[in-house]
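[1] need a 3D model of the sequence below.
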Amino acid sequence: MGSIPPRIFARRLFNKPNQKRRNKKEEEERKKRKRVIQIQKHLFILYHHHAQPPQIMKNLIAIVVPILVALLSACGSEMPVIPSSPSCPPKTRNYVRAFIAPRSIEVESIDMKQGHILLRLPEDTARSVFPGASVSEEKNKLYKALSEEIENPLDWGVDNEISFCHTYLALGIRSFKVERTTMNGTTEDISSQTDIQFLSFQRVLKSHFKMEPERVQKRLATLTAEDMKWLPAGDEASIHLYVPKTQAKSLTISIGFADGTVLQKTIDRFQ
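    Predicted structure coming up:
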């Protein structure tokens, strides 16, 4: 095999990178042309007057679905985040940002001698979060009564810390019922005999209203079902129950929430 002349060898050597670049450039141009043709086809199908509605929907779905999937995967499955410093709606001074409805009731502890039950509405479980609503002056009777009680009327402006505008989450409790099943099997409602205390609300009374512990306990004892609906949801959402200290086959605690759900917890052999 004869040797290649130096001039031809040099030409081939320097032409190899150029050829690769040309091939790469041509490949990119082919891909661009292909994409342009695909886009033109989509536009033709979507906008041409002969296109059939099912075909239009099919192509729209093919375009929209991947975008939705990407957005959903980016968002994840976490609960919606409520802004740390939301603004009140226009012309609304008092506003509950959202109610929560826990999915379970947990019994933290039981002291049968004292008739004391500590419940917890865990906020780390799945729950429904739904928008709150503007509240009228009638709904504000709890805080208004408290402000009058300590002879320090509240300024119901949007910047006041006690305003419902700054209550981001409320428990939304609509009803609270405690039933006792006696040893002979009869059931009686002892809700009116049960002392219910909310730790999160105690903190509000102590920190914002500067109430003494004795006055806090006295005020908590007068809470009504309507009052409880607007109680702020604290970090622990703990509920203390003090039931009559008598033997019972079981106790059933029912808590209804503003979204219509009712949670029940039965404690057997309460004696």
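
[2] stretch 117-132 - what's its average pLDDT?
    The predicted model assigns stretch 117-132 a mean pLDDT of 56.

[3] the residue nearest to residue 118 when sequence neighbours are not counted is in what secondary structure piece?
    Closest residue to residue 118 in three dimensions, ignoring its sequence neighbours and counting by Cβ to Cβ, 6 or more residues apart in numbering: residue 108, at 4.1 Å. From N, CA and C alone the C-beta is placed, and that goes for glycine too. For residue 108, the enclosing helix or strand under DSSP states H and E is strand 106-111.

[4] and what of residue 30?
    Under the criterion of DSSP H and E, residue 30 resides in helix 6-47.

[5] I'd say the residue nearest to residue 118 and residue 116 touch.
    No - in this structure residue 108 lies outside contact range of residue 116 using Cβ atoms under 8 Å: 10.6 Å.

[6] quick check: buried residues in stretch 254-267?
    Taking 16 or more other Cβ atoms under 10 Å as the neighbour-count basis, stretch 254-267 is seen to contain the buried residues 254-258, 263, 267.

[7] quick one: low-confidence ranges for the stretch 151-271 of the chain?
    Using pLDDT under 70 as the threshold, the predicted model of the stretch 151-271 of the chain has low-confidence ranges 151-172, 197-237, 258-259, 269-271.

[8] circling back to that earlier point, so between residue 108 and residue 116, which is more surrounded?
    residue 116 (16 against 12; other Cβ atoms under 10 Å).

[9] the more buried one contacts residue 241, correct?
    Yes - in this structure, residue 116 is within contact of residue 241 by Cβ under 8 Å, at 7.2 Å.

[10] just to revisit the earlier point, right, and the helix or strand after the strand holding residue 108?
    With DSSP H and E setting the assignment, the helix or strand that follows strand 106-111 is strand 116-120.

[11] that following strand pairs with which strands, parallel or anti?
    In the sheet containing strand 116-120, its partner strands are strand 106-111 (antiparallel), strand 238-242 (antiparallel), by DSSP bridges.

[12] what sits up against the longest one?
    In other words, strand 106-111. For strand 106-111, contacts defined as Cβ atoms under 8 Å, 6 or more residues apart in numbering pick out 116-122, 238, 265, 267, 270.

[13] may I have that strand as CSV, with CA atoms only?
    Taking Å, rounded to 0.1, in the frame of the first residue of the first chain, the C-alpha atoms of strand 106-111 are listed here in CSV:
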residue,chain,number,x,y,z
GLU,A,106,-56.1,11.1,71.3
VAL,A,107,-56.4,10.4,75.1
GLU,A,108,-53.2,11.7,76.6
SER,A,109,-53.8,10.7,80.2
ILE,A,110,-56.6,9.7,82.6
ASP,A,111,-56.7,10.3,86.3
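
[14] give me the buried positions along it.
    Within strand 106-111, no residue is scored as buried using 16+ other Cβ under 10 Å.

[15] count of neighbours near residue 249?
    Counted with other Cβ under 10 Å, the burial measure for residue 249 works out to 16 neighbours.

[16] and the strand or helix carrying it with strand 116-120, angle?
    The secondary structure element spanning residue 249 is strand 248-257 (assigned by DSSP H and E). Angular relation of strand 248-257 and strand 116-120 on a 0 to 180 degree scale: 40 degrees, by axes from the mean of the first three to the mean of the last three Cα atoms, to 10 degrees.

[17] which secondary structure elements does strand 248-257 contact?
    Taking 3 or more Cβ pairs under 8 Å, 6 or more residues apart in numbering; DSSP states H and E as the contact definition, the neighbouring helices and strands of strand 248-257 are strand 116-120, strand 173-181, strand 262-270.

[18] would you turn those into TSV with distance to residue 246?
    As requested, those are arranged in TSV below (distance: least, Cβ to Cβ, whole Å):
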stretch	distance to residue 246
strand 116-120	14
strand 173-181	8
strand 262-270	9
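
[19] to residue 32, which of the ones you listed lies closest?
    Minimum separation from residue 32 across those (Cβ to Cβ) falls at strand 262-270, 60.5 Å.
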